[in-house]
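*Asks:* Pasting the sequence and the predicted coordinates here, then a few questions.
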Amino acid sequence: MSVTGSSKRDEAMTMLKKKLDANQYNLKDQVVAINRVTKVVKGGKNMSFAALVVVGDAASGVVGYGSGKAKEVPQAIRKGIESAKKNLFHVNLTETSIPHQVLGRYGSGQVLLKPAPEGTGVIAGGAVRAVMTSAGVQNVLTKSLGSANPHNVIKATFDALVQLRDKAEVASMRGKAVEEL
C-alpha cells in the first residue's frame, strides 16, 4: 500500500471518530450473525453467545456495527446494538447509489462496491447486504472476496464506505470547482 493510500485512510478514520448522536436518528437494527461459544472449565462447559449487529438510518445515510457477548442471545443482541450506536458514521451517497467504485479491506477479507443504475437493487450477500440496506443504499453491486467470516466482511465493507468521497470533497482536494469535474 502506498503512503498516500494509508494517509487517506487515516484521515478518513479521524473523520469517523466524530461522534454522532444516536438519539437524533431513527435507527433500525439488523442481526448479522450469532455465534455460540463454549468454554471448557473444570466444572464442565460454560456456554455463551456472541452477536454481530448492524444499525442504521436509511433516510439519513448513517450506519454502524457492534458486537455483544452474553450468556443469553437477547442480552448479546442488546449489547451489540448499544456498541453499534457508539460507532455510527455518515456515508457519502448519491441519490440511491454510491458515488464511485471502491475496494475495502480488512484482514483477509475484501469487499468490492460498485455503483449501479436505478432499479438494480442491492446485489449483495448476507453481511454486506445488511450494511448496505442499513446505510440507505438502494442500488449497488458488491462482491465479497477472500474471507467469508462475517466480522471481517463487515469491517471490510465499512473500510470501503469510509473511502467514499463526494464531488465537493474531491473538488476541494484537487483545488477545483465542482462544475469543473
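*Replies:* It's in.

*Asks:* Please tell me how far the residue most central in space within the chain sits from residue 131.
*Replies:* Closest residue to the average C-alpha location of the chain: residue 158 at 3.4 Å, with CA atoms, centre = their mean. Residue 158 sits 7 Å away from residue 131, going by CB to CB, to the nearest Å. Where you see a C-beta, it was placed from the backbone N, CA and C, and this is true even at glycine.

*Asks:* Kindly report the same for residue 107.
*Replies:* Residue 107 sits 16 Å away from residue 131, going by CB to CB.

*Asks:* Same question for residue 29.
*Replies:* Per CB to CB, residue 29 is found 12 Å from residue 131.

*Asks:* what sits in contact with each of those two?
*Replies:* Counting by CB atoms under 8 Å, 6 or more residues apart in numbering, the common neighbours of residue 29 and residue 131 are residue 54.

*Asks:* Spatially nearest residue to residue 93 (excluding sequence neighbours)?
*Replies:* Once flanking residues are discounted, residue 93 sits nearest to residue 61: 5.1 Å by CB to CB, 6 or more residues apart in numbering.

*Asks:* Contacts only, for residue 103.
*Replies:* Residue 103 makes contacts with 110-113, 160, as judged by CB under 8 Å, 6+ apart.

*Asks:* buried sites along the host helix or strand of it?
*Replies:* For residue 103, the host element (DSSP states H and E) is strand 102-106. Neighbour-count burial for strand 102-106, with 16 or more other CB atoms under 10 Å as criterion, is recorded at 102, 104-106.

*Asks:* Could you do stretch 108-128 as well?
*Replies:* Neighbour-count burial for stretch 108-128 flags 109-116, 122, 124, 127-128 (criterion: 16+ other CB under 10 Å).

*Asks:* Tell me where this protein has strands.
*Replies:* For the chain, applying DSSP state E gives strands covering 28-41, 44-57, 62-70, 89-90, 102-106, 109-115, 122-123, 140-146.

*Asks:* Please consider this matter closed, and thank you.
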